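Student: Can you look at this prediction? I've put the sequence above it.
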Amino acid sequence: MNHTFKARHAAIARWHCSVTNLRDIIATWRERSRFRGDLEQISRDNPYLIDDIGLTKRQVEAELAKPFWQV
């Protein structure tokens, strides 16, 4: 293997890793967005369930105020 081939292979591997990481990040953001949407609906339609899962109204409001990218 020559040096140029190794360098290209390494660059492609880094790019693939970056794309994979980006896909994972986007999947995580979607999951958070769905979770927060479900939490909002539960808190609106069945607020007693929020207490059943051990959250306070203030905790739910704080969670819902977060943007999708924030943990």
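Tutor: Perfect, I can see it now.
Student: going forward, measure contacts between C-alpha atoms and count neighbours the same way
Tutor: Noted.
Student: contacting residues for Leu39?
Tutor: Applying C-alpha atoms under 8 Å, 6 or more residues apart in numbering, one finds that Leu39 lies in contact with Val60, Leu64.
Student: With Pro47 instead?
Tutor: Per C-alpha under 8 Å, 6+ apart, neighbours of Pro47: none.
Student: With Lys57 instead?
Tutor: Lys57 touches Ile50, counting by C-alpha under 8 Å, 6+ apart.
Student: Point me to the residue sitting closest to the centre of the protein.
Tutor: Nearest to the geometric centre of the chain sits Thr28, at 2.3 Å (C-alpha atoms, centre = their mean).
Student: Helix, strand, or coil at that one?
Tutor: helix (DSSP: H, G, I helix; E, B strand; the rest coil).
Student: Can you get me a residue count around Gly37?
Tutor: Neighbours of Gly37 under the rule other C-alpha atoms under 10 Å: 13.
Student: List the single closest residue to it in space, sequence neighbours excluded.
Tutor: Leu64 (8.0 Å; C-alpha to C-alpha, 6 or more residues apart in numbering).
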